[in-house]
Every structure is written in C-alpha cells, then in structure tokens.
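Colleague: give me a 3D structure for the following:
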Amino acid sequence: MDRPVRRGWRTRLIYERSVDRVAAISEAVHQRLVDGRVPENRIEVIHRVVAPHRAKTPRDVLRKSLGVEDDTPCLLVAAALVKRKGIDILLNAISTLVDAGGRPGRSGDSRGKGLLVPPEDPAALAESLARSIGDPALRQRLGAAGPERVTKTYSPDTMIDAYERLYSELTRDGIKR
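Modeller: Next up is the predicted model:
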C-alpha cells in the first residue's frame with residue numbers, strides 16, 4: 001500500500017460495512033490501515049510470499065561473481081528502486097559510515113530478527129551497519145537466522161495456512177455486519 005488510507009466515509013463504508021476482515025500483506029500496511037482508522041480487529045496480517053528457492057546461490061559462488069573476498073563484509077539489497085523502499089536512507093547511512101571511517105558506535109537493538117533501528121534514521125542505520133561490520137559473530141548469527149525466518153514467515157505454506165484460518169473463521173462465525 002503506497003499511500004495512506006484516508007479517514008472518512010469511504011473508509012468506513014469499505015472497511016466497516018462492506019468487508020468483515022482485511023488481509024494486510026505486511027506490518028507497514030497494517031499500520032497504514034490503523035492510521036486510517038480501520039478497526040484493528042478487522043485487520044489480519046498475512047505476509048506475502050518470498051520465493052526462497054530462487055535465492056539458493058551458494059554464498060561463495062555469489063561473492064566470487066561479485067568480486068568480493070570471503071572476509072569482506074558485503075551488503076546486498078533486493079528491492080524495487082522506489083522511494084518507499086528507503087534506498088535513499090540506506091545510501092545516506094553508508095555515506096555517514098564512510099565519513100566516520102567505518103567505526104562502530106552504539107547501534108540498534110538485536111532481537112534475533114536483525115538489528116532494529118528507527119525508521120528514516122540514516123545515523124542509526126549507519127551505527128548498526130558499523131556494528132555488524134565490526135562483529136563477525138553477530139553477522140554469522142543474523143545471517144544464519146535469516147533463511148529460517150523467511151521459511152517460517154514468508155513461505156507459501158505459511159501464507160496458505162493463514163488464509164485458510166481466516167476463511168475458516170469467517171465461514172464459521174458468519175457475516176457480522
């Protein structure tokens with residue numbers, strides 16, 4: 001969802017009168033719906049599928065094809081080059097990191113899902129990048145957790161199960177208008 005949900009009669013008509021539930025494909029879409037005053041109890045986050053089978057190139061083969069030595073940190077980004085993806089924030093963070101000489105500073109919170117930083121904050125992102133560059137064990141741990149998270153959260157089976165639960169709930173409970 002690229003734009004905010006406008007508050008008003010159309011939103012109420014669509015999300016309160018016309019549908020019983022809404023499937024949001026991400027936490028960001030969920031937040032946009034909530035910000036537009038869509039009743040939170042009508043929103044179900046069902047992540048869209050990421051096809052991990054397409055990204056099975058072995059690490060060493062990928063690094064060699066990019067001309068990156070095995071011990072050199074490498075950052076890859078797979079995203080559409082559109083503003084909402086925050087590539088400008090990433091480039092600003094990298095610039096900040098280069099200007100600071102790549103020295104680690106304080107950094108984002110790590111909860112096993114990655115290094116969490118506030119949105120739209122290139123300085124905090126630069127600090128987290130520096131932390132990961134300076135801590136090979138952290139890179140290894142986060143790198144190992146990534147595929148597991150993709151399989152658990154973004155797999156076709158996970159998405160299908162979530163839609164089946166939602167449809168079962170809707171058909172079992174009936175329409176509530």
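Colleague: shouldn't L129 be in contact with S95?
Modeller: No. The pair L129 / S95 is not scored as a contact, 11.1 Å apart, by CB atoms under 8 Å. C-beta coordinates here come from the backbone N, C-alpha and C atoms, glycine included.
Colleague: contact partners of stretch 22-41?
Modeller: 1, 4-7, 11, 15-16, 42-48, 163, 166 (CB atoms under 8 Å, 6 or more residues apart in numbering).
Colleague: can you check stretch 87-102 too?
Modeller: Outside stretch 87-102, the residues within contact range by CB under 8 Å, 6+ apart are 75, 77, 79, 81, 120-123, 125-126, 129-130, 133.
Colleague: quick one: the most centrally placed residue in the chain from A137, how far?
Modeller: For the chain, S26 is the residue whose C-alpha lies nearest the centre (CA atoms, centre = their mean; 7.4 Å). The spacing between S26 and A137, counted by CB to CB, to the nearest Å, is 30 Å.
Colleague: same thing with I14?
Modeller: As judged by CB to CB, I14 and A137 stand 49 Å apart.
Colleague: the two: which is more packed in?
Modeller: With neighbours defined as other CB atoms under 10 Å, I14 and A137 compare such that I14 has more, 14 against 7.
Colleague: ok so that one is a strand residue?
Modeller: No. Under DSSP: H, G, I helix; E, B strand; the rest coil, I14 falls outside any strand and is assigned helix.
Colleague: got the contact list for it?
Modeller: Counting by CB under 8 Å, 6+ apart, I14 has no contacts.
Colleague: circling back: of the contacts of stretch 22-41, buried ones?
Modeller: 5, 15, 43-47, 166 (16 or more other CB atoms under 10 Å).
Colleague: now tabulate those in TSV and tack on secondary structure and distance to L91.
Modeller: Formatted as TSV, these follow (DSSP: H, G, I helix; E, B strand; the rest coil; distance: CB to CB, whole Å):
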residue	secondary structure	distance to L91
V5	coil	29
Y15	helix	36
I43	strand	33
E44	strand	34
V45	strand	29
I46	coil	31
H47	coil	27
L166	helix	38
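Colleague: list just the nearest of these to T153.
Modeller: Proximity of the buried ones among the contacts of stretch 22-41 to T153 was ranked by CB to CB; the top entry is H47 with 5.6 Å.
Colleague: from G114, how far off is that closest one?
Modeller: Per CB to CB, H47 is found 15 Å from G114.
Colleague: next one: V50
Modeller: 15 Å.
Colleague: how about L66?
Modeller: L66 is 22 Å from G114, by CB to CB.
Colleague: same thing with T171?
Modeller: 37 Å.
Colleague: how about L13?
Modeller: In this view, L13 and G114 are 38 Å apart by CB to CB.
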